[in-house]
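1. sharing a model prediction with you, sequence too.
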Amino acid sequence: MKEFEDLLREGREALETGDYRAATRALRQAAQQQPESAETHLMLGEALAEDGKVKEAIASFQKGRQLEPENLEVLFALGDAFFEGQRPEEALQVYRDILALDDRQADAWVSVGLVNFNQERVEQAMESFHKALQIEPDSIFAINSLGDACFALGRNEEALGHFRRVIELDPEDPQAYYNLTEMYYDADELEAAEEACREVLRLDPAFAFAYLTLGNICLDQERPEEALSSFQEFLVLERSPGSKEIRDEVAAVVEGLKAEV
């Protein structure tokens, strides 16, 4: 039988290389050997979440929380898993629990805002994003999120300014380029949208929704073979439970394109 530390190291290395099933196997064994280790439950939850097993990930994070109720890393992971698993109010409560422990956690304010934004409480979301920026004025997470909220409210020039600010702060941030992609696509500026979208994929080749948008751009430009390839890549990469409806829609489009090309 492998020692606990060996299993933990094996799990961590598998996580880092993206072999989530190997990570899950090693970390399950580690958790069985030392069930009182919050770190192990956290890492196991991360592996499960990355493998699309969000319900199991939540259970693992909850075990970690029981062991260390004030571990912020565990709390953030639990909140994010609730959010990904389409349990927004539970996610919101966890983020509020973080703020009860430390109201200077800017990322928790952003996460509260994202839940509200997801629930179409846009003004409340913007309040949270501004609170985050009062704490961390250069928070890329907050600026990107604020830009999204401005875009949703039709305040496109403000949104554009926020996204460009992110790129100034971090030229390697794929999310800012994706936000620009969405803005350009919405304005029917397809060439600019494609350029920004390809920059997203250069920076992060596993950015699933960029492939979806690129597929739509190619489809609008009557390039069905490229659209098909992009949609297929999206289906390979996007595995979260909350994306089932969009995955089904894309799968139907893929079948239609296969019949055409």
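-> Arrived safely. No experiment lies behind these values; they were computed from the predicted model shown.
2. tell me the contacts of the residue lying closest to Asn71 once chain neighbours are set aside?
-> The shortest distance from Asn71 to any non-neighbouring residue, by C-beta to C-beta, 6 or more residues apart in numbering, is to Ala38 (5.8 Å). Any C-beta I mention is one placed from the backbone N, CA and C, and that applies to glycine too. Going by C-beta atoms under 8 Å, 6 or more residues apart in numbering, Ala38 touches 63-65, 67-68, 71, 74.
3. most widely separated two among those residues?
-> Lys63 and Asn71 (11.6 Å; C-beta to C-beta).
4. what residues are up against the residue positioned nearest the centre of the chain?
-> Central residue of the chain (C-alpha atoms, centre = their mean): Glu84, 8.0 Å from the mean position. By C-beta under 8 Å, 6+ apart, Glu84 lies in contact with 49, 54, 240-242.
5. quick one: the helices in the stretch 1-150 of the chain, in order.
-> Counting by DSSP state H, counting those that start in this stretch, the stretch 1-150 of the chain has these helices, from start to end: 4-17, 20-33, 38-50, 54-67, 72-84, 88-101, 106-118, 122-135, 140-152.
6. need the ones you listed in JSON lines (columns: mean pLDDT and distance to Asp248).
-> Supplementary listing: the helices of the stretch 1-150 of the chain in JSON lines, determined by pLDDT from 0 to 100; distance: least, C-beta to C-beta, whole Å:
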{"stretch": "helix 4-17", "mean pLDDT": "94", "distance to Asp248": "29"}
{"stretch": "helix 20-33", "mean pLDDT": "96", "distance to Asp248": "23"}
{"stretch": "helix 38-50", "mean pLDDT": "96", "distance to Asp248": "22"}
{"stretch": "helix 54-67", "mean pLDDT": "97", "distance to Asp248": "18"}
{"stretch": "helix 72-84", "mean pLDDT": "98", "distance to Asp248": "18"}
{"stretch": "helix 88-101", "mean pLDDT": "98", "distance to Asp248": "21"}
{"stretch": "helix 106-118", "mean pLDDT": "98", "distance to Asp248": "20"}
{"stretch": "helix 122-135", "mean pLDDT": "96", "distance to Asp248": "27"}
{"stretch": "helix 140-152", "mean pLDDT": "95", "distance to Asp248": "25"}
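7. can you list those helices in TSV and add distance to Val254?
-> Listed next are the helices of the stretch 1-150 of the chain as TSV, based on distance: least, C-beta to C-beta, whole Å:
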stretch	distance to Val254
helix 4-17	29
helix 20-33	25
helix 38-50	24
helix 54-67	24
helix 72-84	24
helix 88-101	29
helix 106-118	27
helix 122-135	33
helix 140-152	28
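8. Glu189 is nearest to which of those?
-> Between these, helix 140-152 lies closest to Glu189; by C-beta to C-beta that is 14.2 Å.
9. and the closest one, what does it pack against?
-> helix 106-118, helix 122-135, helix 156-169, helix 174-186 (3 or more C-beta pairs under 8 Å, 6 or more residues apart in numbering; DSSP states H and E).
10. that helix to helix 174-186, inter-axis angle?
-> 10 degrees (axes from the mean of the first three to the mean of the last three C-alpha atoms, to 10 degrees).
11. show me which positions of helix 140-152 end up buried.
-> 140-151 (16 or more other C-beta atoms under 10 Å).
12. can I assume Leu92 is in contact with Val115?
-> Yes: counting by C-beta atoms under 8 Å, Leu92 does reach Val115; the two are 4.6 Å apart.
13. between those two, which one's more packed in?
-> Val115 (24 against 20; other C-beta atoms under 10 Å).
14. tell me the phi and psi of Gly85?
-> Here is the backbone geometry of Gly85 (degrees, to the nearest 10): phi -80, psi 20.
15. now, which of the buried residues of helix 140-152 sits nearest Gln32?
-> Phe141 (35.3 Å).
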